[in-house]
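Asker: how would this look folded up:
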Amino acid sequence: MKGRDISMFTSSPEAIGLASEAASSAHPGKASVSRASAGIREGLSRACERFADTAEAVAHKVDAPSGVKDDLSAMKDTARDKAGQVARHLHEGADAIQDKAEEVTRRAARLKDRAWGRIPAPVTGRVTHLVRTVRQRPVPAAAMGF
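Answerer: Here you go, the predicted model:
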């Protein structure tokens, strides 16, 4: 039953919606990873609070024996603990993704510099001139198909 309770949080339409929205609207880089993980954490937190409130409301509406109320309370505490663990796990994952993205960016910059160093000087001069022209007059360059 405990595993089933947790799936309510991770498959909550609200949590999934927030995570999908954060991931789809994200731009590459640190901010997108932070926004996505913040959205997921926020959705999990809200779902957990809703579950806790629902569990308390059910316990009060049903004049249940104290053992059932204790079970509901324990389930609520377990759900909150699990949501906290998931949030920490997501945060650690976001940090790992961020570190990997920075590493890939540095590697790409090094490869670009190495490749640029292997191009003959006359070609680099022409390419540099062409890039400068396109940056100064982007509309005519776009019309030409660059």
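Asker: max-length helix in the chain?
Answerer: helix 66-118 (DSSP state H).
Asker: could you give the mean pLDDT of the very next helix or strand once past that helix?
Answerer: Past helix 66-118, heading to the C-terminal end, the next element that is a helix or strand (DSSP states H and E) is helix 121-136. Predicted confidence along helix 121-136 averages 86 (mean pLDDT).
Asker: return the alpha-carbon coordinates of helix 121-136 using CSV.
Answerer: Below are the C-alpha coordinates for helix 121-136, written out as CSV (Å, rounded to 0.1, in the frame of the first residue of the first chain):
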residue,chain,number,x,y,z
ALA,A,121,45.1,31.2,-43.0
PRO,A,122,43.6,32.4,-46.3
VAL,A,123,40.4,30.4,-45.6
THR,A,124,40.1,31.7,-42.1
GLY,A,125,40.5,35.3,-43.3
ARG,A,126,37.7,34.8,-45.8
VAL,A,127,35.4,33.1,-43.3
THR,A,128,36.1,35.8,-40.7
HIS,A,129,35.3,38.5,-43.3
LEU,A,130,32.1,36.7,-44.3
VAL,A,131,30.9,36.2,-40.7
ARG,A,132,31.6,39.9,-40.0
THR,A,133,29.5,40.9,-43.1
VAL,A,134,26.6,38.7,-42.1
ARG,A,135,26.6,40.1,-38.6
GLN,A,136,26.6,43.6,-39.8
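Asker: buried ones in it?
Answerer: Residues of helix 121-136 classed as buried by neighbour count (16 or more other C-beta atoms under 10 Å): none. Any C-beta I mention is one placed from the backbone N, CA and C, and that applies to glycine too.
Asker: list the contacts of the residue nearest to A87 when sequence neighbours are not counted.
Answerer: Nearest residue to A87 in three dimensions, chain neighbours excluded: R41, at 4.5 Å (C-beta to C-beta, 6 or more residues apart in numbering). R41 makes contact with 87, 90-91 under the criterion C-beta atoms under 8 Å, 6 or more residues apart in numbering.
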